[in-house]
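> need coordinates for the following:
(one chain, ligands or ions: 2)
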Amino acid sequence: MHEKARLLIEALPYIRRFSGKTVVIKYGGHAMKDEELKGSFAQDIVLMKYIGIHPVVVHGGGPQIGRMLERLGKKSDFLGGMRVTDEDTMDIVEMVLVGKVNKEIVTLINRHGGRAIGLSGKDGRLIEARKLHLFRYQGDDRPPEILDLGLVGEVARINVEILRILEKSNLIPVVAPVGVGKSDETYNINADLVAGRIAGALRAEKLILMTDVQGVLDADGRLVSSLTVAEAADLLQDDVLKGGMIPKVQCAIDAVQAGVQKVHIVDGRLPHSVLLELFTDAGIGTEIVKRTGGSRPGEEESDS
Ligand SMILES: Nc1ncnc2c1ncn2[C@@H]1O[C@H](COP(=O)(O)OP(=O)(O)O)[C@@H](O)[C@H]1O
Ligand SMILES: CC(=O)N[C@@H](CCC(=O)OP(=O)(O)O)C(=O)O
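Numbers count the residues shown, from 1 in each chain. Ligands and ions are numbered 1, 2, ... in the order given. I've put the predicted structure just below:
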């Protein structure tokens, strides 16, 4: 068979399987590297929508926020992979995420033939948030230390109405990870955590987390291609996961527990990584599932 025909035929069972389903894609700041890579990401999203999948894009922008803070001469610290956020920093985070990164992604998708609509957690109160309290355990006999990250939030509730309305339209939602509190205060939320909660609230078929490494790496730097929720939880207890990989794996666990079939952590530096994950037999990166048992066409569905 002609190579191109073979590739298209390989995609057919996946297209049939995912058509009509929701797939949440977290587009990390580190994966937004050059124009070619950004273009290939936008093409993947547009293609998904055209074949009847409902993509929801949740974006980050950590490096872009960092560069703006640096330009303004403001330092920022990280605790547990999250940015300590005072009021001034919150203003800059919102400006960069909602005003800049979000609109760039919307423009990119539109340029490639899609119709994207940008949302922050304030639109339709999509992301209701509360202050995040982070606990640092200090050994068996000492009480955990409570870390104050300022205006860093955690998701209290996702109001999915607006996303359900958009699923019935030709519009593709692009969500910035800014949440709104009970008294309308603004919270900076790690984009992985937002993507995980949105995927859970929508009972998405898949959550794809795009980043700048192959996937989850073990202590020897080797790719771990598959993890059950229990194995992922064990990794969190070890010292193998550092920085931004901690909230990523935590959010993967939470999403699977909330009913998402599979979470994939994939290398966003690879052109068309979303398509490769969705539509090829091999898949890429690290998958996190409730328990073992393949779910590629022809294999047995994992129970969840
Ligand atoms: N065990 C691990 N496996 C893979 N990446 C890891 C691990 N521990 C720490 N990391 C780091 O996590 C980073 C990804 O998280 P983050 O910087 O938040 O990315 P993004 O902006 O794409 O969300 C990687 O670049 C890597 O340096
Ligand atoms: C609380 C917290 O850390 N918020 C993140 C929000 C952006 C983000 O998550 O961006 P990436 O996905 O590109 O890392 C931040 O301020 O950087």
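> what about residue 173, which SS state?
Counting by DSSP: H, G, I helix; E, B strand; the rest coil, the backbone at residue 173 sits in strand.
> specify the local secondary structure of the closest residue to residue 182 other than its chain neighbours.
Counting by Cβ to Cβ, 6 or more residues apart in numbering, residue 182 lies nearest to residue 130, which is 7.3 Å off, once chain neighbours are set aside. C-beta: built from backbone N, CA, C; applies to glycine. For residue 130, the assignment made with three-state DSSP gives strand.
> in the stretch 151-300 of the chain, what residue comes closest to ligand 2?
Of the stretch 151-300 of the chain, the residue with the smallest distance to ligand 2, taken as Cβ to the nearest ligand atom, is residue 191 at 3.4 Å.
> what do you get for the stretch 51-200 of the chain?
The minimum distance from the stretch 51-200 of the chain to ligand 2, using Cβ to the nearest ligand atom, falls at residue 60 (2.1 Å).
> quick check: that residue vs ligand 1, distance?
When Cβ to the nearest ligand atom, to the nearest Å is applied, the distance between residue 60 and ligand 1 equals 5 Å.
> again, but for residue 125
Distance of residue 125 to ligand 1, computed by Cβ to the nearest ligand atom: 25 Å.
> just the strands in the stretch 51-200 of the chain please.
54-59, 78-79, 82-83, 115-120, 127-136, 145-158, 171-176, 178-180, 186-188 (DSSP state E, counting those that start in this stretch).
> who touches the fifth one?
For strand 127-136, the surrounding residues in contact (Cβ atoms under 8 Å, 6 or more residues apart in numbering) are 79-80, 82, 120-121, 144-149, 151-159, 175, 177-182, 187, 189, 194, 197-198.
> what's the average pLDDT for that strand?
Averaging the model's pLDDT scores along strand 127-136 yields 93.
> please apply the same query to the third one.
Throughout strand 82-83, pLDDT has a mean value of 93.
> can you check the second one too?
Here strand 78-79 scores 90 as its mean pLDDT.
> coming back round to it: of the contacts of strand 127-136, list those near ligand 2.
Restricting those to those touching ligand 2 (Cβ under 6 Å from any ligand atom) yields 82, 152, 177, 189.
> let's verify residue 16: helix, strand, or coil?
Using three-state DSSP, the structure places residue 16 in helix.
> my read: residue 84 touches residue 69, true?
No - using Cβ atoms under 8 Å, residue 84 and residue 69 do not qualify as a contacting pair, with a distance of 11.5 Å.
> next, count neighbours for residue 168.
Taking other Cβ atoms under 10 Å as the criterion, the count of residues near residue 168 is 8.
> cool, and residue 113?
By other Cβ under 10 Å, the residues close to residue 113 number 12.
> what residues does the stretch 101-250 of the chain have near ligand 1?
With Cβ under 6 Å from any ligand atom as the criterion, the stretch 101-250 of the chain meets ligand 1 at residues 192, 211-213, 216-217, 240-245, 248.
> backbone dihedrals for the residue in the chain that ligand 1 sits nearest to, please?
Going by Cβ to the nearest ligand atom, ligand 1 is nearest to residue 244 of the chain, at 1.9 Å. With angles defined as degrees, to the nearest 10, residue 244 shows backbone torsions of phi -60, psi -20.
> gap between it and residue 63?
Between residue 244 and residue 63 the distance is 11 Å, computed by Cβ to Cβ, to the nearest Å.
> those two: which has the busier surroundings?
For the pair residue 244 and residue 63, the greater number of neighbours falls to residue 244 (22 against 15), based on other Cβ under 10 Å.
> that older thread, would you mind listing which of the contacts of strand 127-136 are buried?
Judged by neighbour count, with 16 or more other Cβ atoms under 10 Å as the criterion, the buried members of the contacts of strand 127-136 are 80, 82, 120-121, 149, 151-156, 158, 175, 177-180, 187, 189, 194, 197-198.
> ok, and the closest non-adjacent residue to residue 268?
Spatial nearest neighbour of residue 268, excluding adjacent residues (Cβ to Cβ, 6+ apart): residue 31 at 2.6 Å.
> mind listing what that neighbour touches?
Going by Cβ under 8 Å, 6+ apart, the list of residues near residue 31 reads 37, 41, 210-212, 268-269.
> do a quick rundown of the helices in the stretch 101-250 of the chain.
Along the stretch 101-250 of the chain, the segments classed as helices by DSSP state H, counting those that start in this stretch run 102-111, 161-167, 191-201, 229-237, 245-257.
> in CSV: those, plus distance to residue 285.
Putting the helices of the stretch 101-250 of the chain into CSV (distance: least, Cβ to Cβ, whole Å) gives the following:
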stretch, distance to residue 285
helix 102-111, 21
helix 161-167, 25
helix 191-201, 14
helix 229-237, 14
helix 245-257, 11
